[in-house]
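>>> Got a predicted structure plus its sequence, pasted below:
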Amino acid sequence: MPDFKRTTMASRAYDKAHDAHYAIKDLHQALELYNGVLAEHPDTQEAEYSRTQMQNIVKSVVPTKDLLAAQVELALAHLTPA
């Protein structure tokens, strides 16, 4: 019996994002598509892969000092009582 690769909506969405990221090199589109995978398929392995790829893009385009400043600001906002 042939071994057919099973594809899911999540895997197709991730593949599209991955192509935008690596084949087309459109980081803006890739971030949007990866974000879509997270929103539409949050409990899948593809969502975890997308999260990692988004972090890779962020690290490649945002200077380290700016990234740290944004993370500190976000942490302080979460620590401040409402």
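Yes, it's here.
>>> which residue packs closest to residue 13, ignoring adjacent ones?
Closest residue in space to residue 13, ignoring its immediate chain neighbours: residue 37 at 4.8 Å, by Cβ to Cβ, 6 or more residues apart in numbering. (C-beta placed from N, C-alpha, C; glycine too.)
>>> so what's that neighbour up against?
10, 13-14, 17, 44, 46-47, 50 (Cβ atoms under 8 Å, 6 or more residues apart in numbering).
>>> in what helix or strand does it lie?
Using DSSP states H and E, the element containing residue 37 is helix 27-40.
>>> pLDDT averaged over that helix, what's the number?
Helix 27-40 carries an average pLDDT of 98.
>>> Counting neighbours, which bits of the very next helix or strand once past it end up buried?
Downstream of helix 27-40, the next assigned helix or strand under DSSP H and E is helix 45-61. For helix 45-61, the neighbour count (16 or more other Cβ atoms under 10 Å) marks 46-47, 49-50, 53-54 as buried.
>>> Now do the helix or strand that helix 45-61 is followed by, average pLDDT.
Next along the chain after helix 45-61, taking DSSP H and E as the criterion, comes helix 64-79. Helix 64-79 carries an average pLDDT of 97.
>>> if we can go back for a sec, tell me what angle the helix holding residue 37 forms with helix 45-61.
150 degrees (axes from the mean of the first three to the mean of the last three Cα atoms, to 10 degrees).
>>> From the chain's centroid, how far away is helix 27-40?
Between the centre of helix 27-40 and the centre of its chain there are 6 Å (Cα atoms, centre = their mean, to the nearest Å).
>>> And for stretch 29-45?
6 Å.
>>> Tell me which residues of the helix holding residue 37 come out buried.
With burial defined by 16+ other Cβ under 10 Å, the residues of helix 27-40 counted as buried are 30-31, 33-34, 37-38.
>>> can you put those residues in JSON lines and add distance to residue 73?
Shown next, in JSON lines, are the buried residues of helix 27-40 (distance: Cβ to Cβ, whole Å):
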{"residue": "30", "distance to residue 73": "25"}
{"residue": "31", "distance to residue 73": "20"}
{"residue": "33", "distance to residue 73": "27"}
{"residue": "34", "distance to residue 73": "23"}
{"residue": "37", "distance to residue 73": "27"}
{"residue": "38", "distance to residue 73": "22"}
